[in-house]
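Enquirer: Kindly generate the corresponding structure for this input.
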Amino acid sequence: MVNVWALGRDPKYWDETKNFKLERFEQCFVDFVGKNFEYLPFGSGKRMCTGMSFGLTNVYLPLAQLLYHFDWKLPTGMEPRDLDLTEAAGGTATKKTDLYLIATPYQP
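Expert: Okay, the predicted model is just below:
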């Protein structure tokens, strides 16, 4: 057995091991589907997290349905160049300002 808890808290590799610091992973371009061992707490290879594919499907399928069934437009008078794409600081990537869109049912 690999002690994943101890690996994630080894002061030889991590500073401030008892604190969650998202900045550690900002410049990491590792694929999370199980071929690399940076995300070892979620497993790897054949024994990786069984919920990973279910979670990804629960993101892709609703998004595909929304894109397929609706036409999306910016509010009247707003142009794409007017959008503020600044990100807010935090644990997830969110926009600093809300994005407002007008959805109209798609008519084939």
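
Enquirer: so residue 68 makes contact with residue 103?
Expert: No: between residue 68 and residue 103 no contact is recorded; they are 12.0 Å apart, counting by Cβ atoms under 8 Å. C-beta coordinates here come from the backbone N, C-alpha and C atoms, glycine included.

Enquirer: Between those two, point out the one with more neighbours.
Expert: Using other Cβ atoms under 10 Å as the criterion, residue 68 and residue 103 rank with residue 103 on top: 11 against 8.

Enquirer: tell me the SS of that one?
Expert: At residue 103, secondary structure determined by DSSP: H, G, I helix; E, B strand; the rest coil is strand.

Enquirer: That one touches residue 70, doesn't it?
Expert: Yes: applying Cβ under 8 Å as the test, residue 103 and residue 70 come out as touching, 4.3 Å apart.

Enquirer: my read is residue 81 is in a helix, agree?
Expert: Yes: assigned with three-state DSSP, residue 81 falls within a helix.

Enquirer: Pull up the per-residue confidence for it.
Expert: Residue 81 carries a pLDDT value of 91.

Enquirer: And residue 48, by the same measure?
Expert: Looking at residue 48, the pLDDT reads 73.

Enquirer: same deal with the one 10 residues further on?
Expert: Reported pLDDT at residue 58 in the predicted model: 90.

Enquirer: what about it, neighbour count?
Expert: A total of 11 residues lie near residue 58 under the criterion other Cβ under 10 Å.

Enquirer: Point out where this protein drops to low pLDDT.
Expert: Applying pLDDT under 70 to the chain flags the ranges 30-39, 41-42, 45.

Enquirer: the helices in it, which residues?
Expert: Using DSSP state H, the helices found in the chain span residues 4-7, 51-69.

Enquirer: Centre of the chain to the last one, how far?
Expert: Here the centre of mass of C-alpha atoms in helix 51-69, compared against the chain's by Cα atoms, centre = their mean, to the nearest Å, lies 13 Å away.

Enquirer: Just the C-alphas of it, formatted as PDB.
Expert: The C-alpha trace of helix 51-69 is given here as PDB (Å, rounded to 0.1, in the frame of the first residue of the first chain):
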ATOM      1  CA  GLY A  51     -16.700   8.500 -10.100                       C
ATOM      2  CA  MET A  52     -14.400  10.400 -12.500                       C
ATOM      3  CA  SER A  53     -16.200   9.400 -15.700                       C
ATOM      4  CA  PHE A  54     -19.600   9.800 -14.100                       C
ATOM      5  CA  GLY A  55     -18.600  13.300 -12.900                       C
ATOM      6  CA  LEU A  56     -17.300  14.400 -16.300                       C
ATOM      7  CA  THR A  57     -20.400  13.000 -18.000                       C
ATOM      8  CA  ASN A  58     -22.500  15.100 -15.700                       C
ATOM      9  CA  VAL A  59     -20.700  18.200 -17.000                       C
ATOM     10  CA  TYR A  60     -20.500  17.400 -20.700                       C
ATOM     11  CA  LEU A  61     -24.000  16.100 -21.300                       C
ATOM     12  CA  PRO A  62     -26.000  19.000 -19.800                       C
ATOM     13  CA  LEU A  63     -23.700  21.500 -21.500                       C
ATOM     14  CA  ALA A  64     -24.100  19.700 -24.900                       C
ATOM     15  CA  GLN A  65     -27.900  19.800 -24.300                       C
ATOM     16  CA  LEU A  66     -27.900  23.500 -23.600                       C
ATOM     17  CA  LEU A  67     -25.800  24.300 -26.600                       C
ATOM     18  CA  TYR A  68     -27.900  22.100 -28.900                       C
ATOM     19  CA  HIS A  69     -31.400  23.200 -27.900                       C
END
